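In: return a 3D structure for these sequence lines:
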Amino acid sequence: NNGLALTVSRCFGAGEREGIRRAVGWMVTLSAAVSIVLTTVSLLGRGALLQVLQVPAEVWDGAAAYLTVILLGIPLTMLYNMEAALLRAVGNSVTPLLFLLFSSVLNVGLDAAFMGPLGMGVRGAAVATVLAQGISAVLGAVYLVRSYPELHFTLAHLKKSARRAVMNMFWAGMSMGLMSAIYNLGSVALQSSINALGSVYITAQTAARRMAEMYFIPGGALGIGVATFSSQNLGAGRRSRIGQSVRAALKIYFVWWLFVLAFTFLLGEPVLRLITGSSDARIISNAMLYLKISVPIIPPMAVLVILRNMLQGIRHTVEPLLASALELIGKVIFAVWLGPVWGISNYMCYRGLKNYGYDKEAAELAEKTITLFGKDLEVCGELHEYYDPDTGEGVNNPGFQCWNLLVNNMIAEEEGRKAIREF
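Out: Okay, here's the model as predicted:
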């Protein structure tokens, strides 16, 4: 929606009233079509998504119920976001903020009602979110129809639009949407690794991420604001103001970062205990570790967010996508490297050490691996697919054997016996 609204912004900056109506008409049409496709595909693939995320069995039903409701609410979410984007495109950034505040307060109230007296549990939280956005979307539609007659369009406006203009608008929307989607895919990759570490790490990361997302909200809003402002001034032919908006946004983001930095290090722990409802030292320490790493690096991320959105606003759609793709690759690499590890990783390192004559080091690794698996069998009575890289605790997929059986080769070789065939 934010990408589609950039065409409206350019027409608004250029003073093209008919162009605004045509752009609004196609924005509504394309948003409706995309929301239907997204809802259908997401609902069909929700089970596979939960598997990719490695959601633990004990929370699977709750996660599935929550996700189903949220996905059914995609059309309402799209409508809500479209209205906010349209208002910003024509220079009204206050009303979307008011609708957002109203939706947030309503969401909190409905959460308390549905999860408390009504006893709807996790599903109730999802219903509250969708209902709050839906009510805000309906109110926003009424406000737009009554207050902005210049945005009204007819079927004739759709027919008058050149095919090339519609395709350019569509790809602008796709580019900005993909930029956001690529970022979220990276987050999914990280979440998948975190889920494999067990409930303590999931709780810690969820609490820390909730705080971090609050920290990043102003940055996202500034990025969208810069994209809209840049597009408006591109249409008006006032390019010098684009650079001014970037510098102003970066200054605002820096001041916000100083506040966030102080808040995290002074009040982070008590706030995390409030969010999690727990005083577990492992949960709080891991959540604080997440924040202590992510908060100090907000400034370079701010530059990235602001510049990517500015480029989208001036119709440079390829560079932001390339930057987002590099970010995704980095997240996937770190998710694999820093997440729980497979037992076969030890065997592959062991085999490499043996092949290159590092017998002493190979023997040490074999001893540690045999001890690790032996402890897992002693404590749990079975092996796991993944192991915590810090504690060696078995996590996720209990009863897994497969390549774990290659530990027998380590034992055989260290005892001078013939190893079994690997493949």
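
In: quick one: buried residues of stretch 256-269?
Out: Trp256, Trp257, Val260, Thr264, Gly268, Glu269 (16 or more other CB atoms under 10 Å). All C-beta spots, glycine's among them, are computed from the backbone N, C-alpha and C.

In: ditto for stretch 364-375
Out: Applying 16+ other CB under 10 Å to stretch 364-375 flags Leu365, Ala366, Thr369, Ile370, Leu372, Phe373 as buried.

In: where are the low-confidence patches of the stretch 151-300 of the chain?
Out: Residue ranges of the stretch 151-300 of the chain with pLDDT under 70: 162, 183-184, 186-193, 195-198.

In: find the nearest non-adjacent residue to Ser102, please.
Out: Heads up, residue 102 is Phe, not Ser. Nearest residue to Phe102, sequence neighbours excluded (CB to CB, 6 or more residues apart in numbering): Ser136, at 6.0 Å.

In: without its sequence neighbours, what residue ends up closest to Lys375?
Out: Lys375's closest residue in space is Gly392 (CB to CB, 6+ apart), at 7.3 Å.

In: all strands for this protein, in order.
Out: 341-342, 386-387, 394-395 (DSSP state E).

In: can I get those strands in TSV with mean neighbour count and mean pLDDT?
Out: Below are these laid out as TSV (neighbours: other CB atoms under 10 Å; pLDDT from 0 to 100):
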stretch	mean neighbour count	mean pLDDT
strand 341-342	18	77
strand 386-387	24	79
strand 394-395	24	75
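
In: let me know which of those is the nearest to Ala208.
Out: strand 394-395 (19.0 Å; CB to CB).

In: can you give me the offset of that closest one from its chain's centre?
Out: 26 Å (CA atoms, centre = their mean, to the nearest Å).

In: tell me what that strand is packed against?
Out: strand 386-387 (3 or more CB pairs under 8 Å, 6 or more residues apart in numbering; DSSP states H and E).

In: can I get the strands of the chain in TSV including distance to Ser230?
Out: Listed next are the strands of the chain as TSV, based on distance: least, CB to CB, whole Å:
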stretch	distance to Ser230
strand 341-342	44
strand 386-387	45
strand 394-395	46
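
In: for Leu106, which of those is the nearest?
Out: Using CB to CB, the strands of the chain put strand 394-395 closest to Leu106, at 38.3 Å.

In: run me through the strand neighbours of the closest one, direction for each.
Out: strand 386-387 (antiparallel) (DSSP bridges).

In: which stretches in the stretch 301-423 of the chain count as helices?
Out: 318-338, 343-355, 359-380, 407-414 (DSSP state H, counting those that start in this stretch).

In: among those, which is nearest Tyr80?
Out: Comparing the helices of the stretch 301-423 of the chain by CB to CB, helix 318-338 comes nearest, at 23.8 Å.

In: so for that closest one, what gets flagged as buried?
Out: Pro320, Leu321, Ala323, Ser324, Glu327, Leu328, Lys331, Val332, Ala335.

In: and of the residues you listed, the nearest to Cys349?
Out: Each of the buried residues of helix 318-338 was checked against Cys349 using CB to CB; the closest is Ala335, at 19.9 Å.

In: mind putting the helices of the stretch 301-423 of the chain in JSON lines, distance to Thr129 and mean pLDDT included?
Out: JSON lines is the format used below for the helices of the stretch 301-423 of the chain (distance: least, CB to CB, whole Å; pLDDT from 0 to 100):
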{"stretch": "helix 318-338", "distance to Thr129": "25", "mean pLDDT": "76"}
{"stretch": "helix 343-355", "distance to Thr129": "39", "mean pLDDT": "85"}
{"stretch": "helix 359-380", "distance to Thr129": "37", "mean pLDDT": "87"}
{"stretch": "helix 407-414", "distance to Thr129": "46", "mean pLDDT": "83"}
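
In: residues contacting the residue nearest to Phe102?
Out: Tyr80, Phe99, Leu100, Phe102, Ser103, Leu106 (CB atoms under 8 Å, 6 or more residues apart in numbering).

In: narrow these to those that are buried.
Out: Buried among the contacts of Ser136 by 16+ other CB under 10 Å: Tyr80, Phe99, Leu100, Ser103, Leu106.

In: the residues you listed in helices, which ones?
Out: Among those, the ones falling in helices (DSSP state H) are Tyr80, Phe99, Leu100, Ser103, Leu106.

In: check those for the minimum pLDDT and say which it is.
Out: In terms of pLDDT, the lowest of these is Leu100, showing 80.

In: redo the helices of the stretch 301-423 of the chain as CSV? Include distance to Thr203.
Out: Below are these laid out as CSV (distance: least, CB to CB, whole Å):
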stretch, distance to Thr203
helix 318-338, 18
helix 343-355, 26
helix 359-380, 21
helix 407-414, 31
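
In: Met120 and Gly343, how far apart?
Out: 41 Å (CB to CB, to the nearest Å).

In: nope, Trp26 is what I was after
Out: 54 Å.

In: so Gly47 touches Ala64, yeah?
Out: Yes: distance between Gly47 and Ala64: 7.5 Å, which falls inside the contact criterion (CB atoms under 8 Å).

In: between those two, which has more neighbouring residues?
Out: More crowded of Gly47 and Ala64, by other CB atoms under 10 Å: Ala64, with 17 against 12.

In: contacts only, for the nearest residue to the more buried one once chain neighbours are set aside.
Out: Nearest residue to Ala64 in three dimensions, chain neighbours excluded: Leu50, at 6.2 Å (CB to CB, 6+ apart). The contact partners of Leu50, by CB under 8 Å, 6+ apart, come to Trp60, Ala63, Ala64, Leu67.

In: Met120 and Gly343: who's more crowded?
Out: Neighbours per residue, other CB under 10 Å: of Met120 and Gly343, the larger number sits with Gly343, 23 against 17.

In: so the more buried one is in contact with Thr369, correct?
Out: Yes: counting by CB under 8 Å, Gly343 does reach Thr369; the two are 7.2 Å apart.

In: list residues touching both of the two?
Out: Val407.

In: out of the contacts of Ser136, which is nearest to Trp171?
Out: Tyr80 (23.5 Å).

In: can you tell me the closest non-neighbouring residue to that closest one?
Out: Counting by CB to CB, 6+ apart, the residue nearest Tyr80 is Ala137, at 4.1 Å.

In: count the neighbours of that neighbour for me.
Out: Per other CB under 10 Å, the neighbour tally for Ala137 reads 23.
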